[in-house]
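Visitor: Next input, structure requested:
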Amino acid sequence: MTHVRGGGEGKMAAPMEVAVCTDSAAQLWSCVVWELHSGANLLTYRGGQAGPRGLALLNGEYLLAAQLGKNYICAWELQRKDQLQQKIMCPGPVTCLTTSPNGLYVLAGISENIYLWEVSTGNLLVILSRHYQDVSCLQFTGDSSHFISGGKDCLVLAWSLCSVLQADPSRTPAPRHVWSRHTLPITDLHCGFGGPLARVATASLDQTVKLWEVSSGELLLSVLFDVGILSVTMDLAEHYMFCGGSDGSIFQVNLCTWPGQREKSFQPEQEHGKVFRGHRNQVTCLSVSTDGSVLLSGSHDETVRLWDVQSQQCLRTVTLKGPVTNACIMLAPVSMLSSDFRPGLPLPHFNKHLLGAEHGDEPHHGGLMLRLGLHQQGSEPSYLERVEQLQAVMSSTLEKNVLGGQDQLRIRVTELEDEVRNLRKINRDLFDFSTRIITHPTK
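Guide: So this is what the prediction gives:
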């Protein structure tokens, strides 16, 4: 469904942006959806308490919510809001949750482990155990090729999905990058645009926000604040970075006018720093509208606020019944606003163990198993392999263009060898001439 602002014939319809919010009390509902600009309530979902970093949209058809302190994930069909579709049982309490943008995979942090499920079959594909304490946040890149994990162990790990899925079962998959520059627990992260070339912002209680490059693994920027940072996001153009503080402040960092230093303290009075003030407690969630004009924030002061980015003024305040655990802006899927929409495929039973029925999961027979996304599971090279192949082709092309191929290369080598011999002969002649002059001076 589309929404036309301003009315009238001939105006282009724009997708409706909605705010999706949860709080830890969940007295009236588990999740509420309201239209971003008008504030009108559109939908509410009932059936549990969503934990922080525990809300995810799956393939534009299902809403998943990791339950606060419990060992299951609630799943709703987007339109059948009053009927809990399924409980996905997990081996332990889920600390964070995300889904791949292509709708093929679900990632969950359970204690210090990362669980990866395939949506089409419900199979648990891999358990990653490279964090030393609880995983606090997870996010895929926009093209689903990589995912980033942050933990209470102060580590941020960048994973290649292809490498994880192609790994030898007898060996523990290794992350592509290990970012260990934070000194206190990671509280939030945000993946920018660009897939394997994206930039990742990470927030920590060590009062810093750091900006990393997925392709090289390099640290691009580190900003030091006066308070611990609980949330971070960027606008779609990555012009601004927004950081939610433990004191209720929201700091806006202008990435385009930031000085050249890699490490810098935030100075709000300067051109590259501004502050949004209004929350009375720590800011736990941040999200920016598609056009970058509006900022949504959620706080432990039990309010969700909508801000005008240009003026830093609060446009709307929505009071909830408990500390806000999730607040994000998204383009409303068709299934959310169309009453007759139904998912293309039902959710399967999600296995709790890698080997399925052999370790206690009940076998399911009599159905047709559709295995989607096989192109991502080994038949195609990974991004790293593609880069290496491209570099080899470019080097070969450069050699042919500059040196004229192998035949020309051999001719050129022969010419250079002849020139070296001539230079050596000249050098010997000069040495002999100099020796004669020195030993037999003219009288």
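Visitor: for the residue sitting nearest the centre point of the chain, what are its contacts?
Guide: Against the mean C-alpha coordinate of the chain, by CA atoms, centre = their mean, the closest residue is Cys191 at 3.2 Å. By CB atoms under 8 Å, 6 or more residues apart in numbering, the contact set of Cys191 is Gln139, Phe140, Thr141, Gly142, Ile148, Ala198, Val200, Val214. (Each C-beta comes from the backbone N, C-alpha and C, glycine too.)
Visitor: pretty sure the last one contacts Trp159?
Guide: The reference is to Val214. No. The pair Val214 and Trp159 fails to qualify as a contact (CB atoms under 8 Å) at a distance of 10.3 Å.
Visitor: between those two, what contacts are shared?
Guide: Jointly contacting Val214 and Trp159 under the rule CB under 8 Å, 6+ apart are His146, Ile148, Arg176.
Visitor: Can you mark which positions in the helix or strand where Ser163 lies are buried?
Guide: Element membership for Ser163 (DSSP states H and E) is helix 161-166. In terms of neighbour count (16 or more other CB atoms under 10 Å), helix 161-166 has its buried residues at Leu161, Cys162, Ser163, Val164, Leu165.
Visitor: possible to save the residues you listed as JSON lines with pLDDT?
Guide: As requested, the buried residues of helix 161-166 are arranged in JSON lines below (pLDDT from 0 to 100):
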{"residue": "Leu161", "pLDDT": "93"}
{"residue": "Cys162", "pLDDT": "90"}
{"residue": "Ser163", "pLDDT": "90"}
{"residue": "Val164", "pLDDT": "92"}
{"residue": "Leu165", "pLDDT": "89"}
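Visitor: Excluding chain neighbours, what is closest to Gly151?
Guide: Leaving out its chain neighbours, the residue that sits closest to Gly151 by CB to CB, 6 or more residues apart in numbering is His131, at 4.1 Å.
Visitor: how near is that neighbour to Ser215?
Guide: Distance, His131 to Ser215, by CB to CB, to the nearest Å: 23 Å.
Visitor: okay, the two: which has more neighbours?
Guide: When neighbours are counted by other CB atoms under 10 Å, His131 and Ser215 differ, and His131 comes out ahead with 24 against 18.
Visitor: thought the more buried one was touching Trp159?
Guide: No. The pair formed by His131 and Trp159 falls short of the contact definition of CB under 8 Å, at 11.4 Å.
Visitor: Determine the residues that are contacts of both of those two.
Guide: Going by CB under 8 Å, 6+ apart, residues that sit against His131 and also against Trp159 are Ser149.
Visitor: quick one on the thing from earlier: the residue nearest to the centre of the chain pairs with what?
Guide: In this entry, Cys191 is beta-bridged to Val200, by DSSP bridges.
Visitor: Looking at it now. What's its pLDDT?
Guide: You'll see Cys191 listed with a pLDDT of 96.
Visitor: Filter the contacts of Cys191 down to the buried ones and hand me the PyMOL line.
Guide: Below is the selection syntax for PyMOL that covers the buried ones among these, with 16+ other CB under 10 Å defining burial:
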select buried, resi 139+140+141+148+198+200+214
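Visitor: would you list the contacts of Cys191 in CSV and tack on distance to Leu64, pLDDT and secondary structure?
Guide: As requested, those are arranged in CSV below (distance: CB to CB, whole Å; pLDDT from 0 to 100; DSSP: H, G, I helix; E, B strand; the rest coil):
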residue, distance to Leu64, pLDDT, secondary structure
Gln139, 14, 97, strand
Phe140, 14, 97, strand
Thr141, 19, 95, coil
Gly142, 19, 93, coil
Ile148, 19, 97, strand
Ala198, 23, 94, coil
Val200, 22, 97, strand
Val214, 25, 95, coil
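Visitor: would you turn the contacts of Cys191 into JSON lines with distance to Leu296?
Guide: What follows is the contacts of Cys191, written out as JSON lines (distance: CB to CB, whole Å):
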{"residue": "Gln139", "distance to Leu296": "17"}
{"residue": "Phe140", "distance to Leu296": "21"}
{"residue": "Thr141", "distance to Leu296": "22"}
{"residue": "Gly142", "distance to Leu296": "19"}
{"residue": "Ile148", "distance to Leu296": "22"}
{"residue": "Ala198", "distance to Leu296": "22"}
{"residue": "Val200", "distance to Leu296": "21"}
{"residue": "Val214", "distance to Leu296": "25"}
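Visitor: wait, which of the contacts of Cys191 is closest to Lys352?
Guide: Of all the contacts of Cys191, the one with the least separation from Lys352 (CB to CB) is Phe140, at 22.2 Å.
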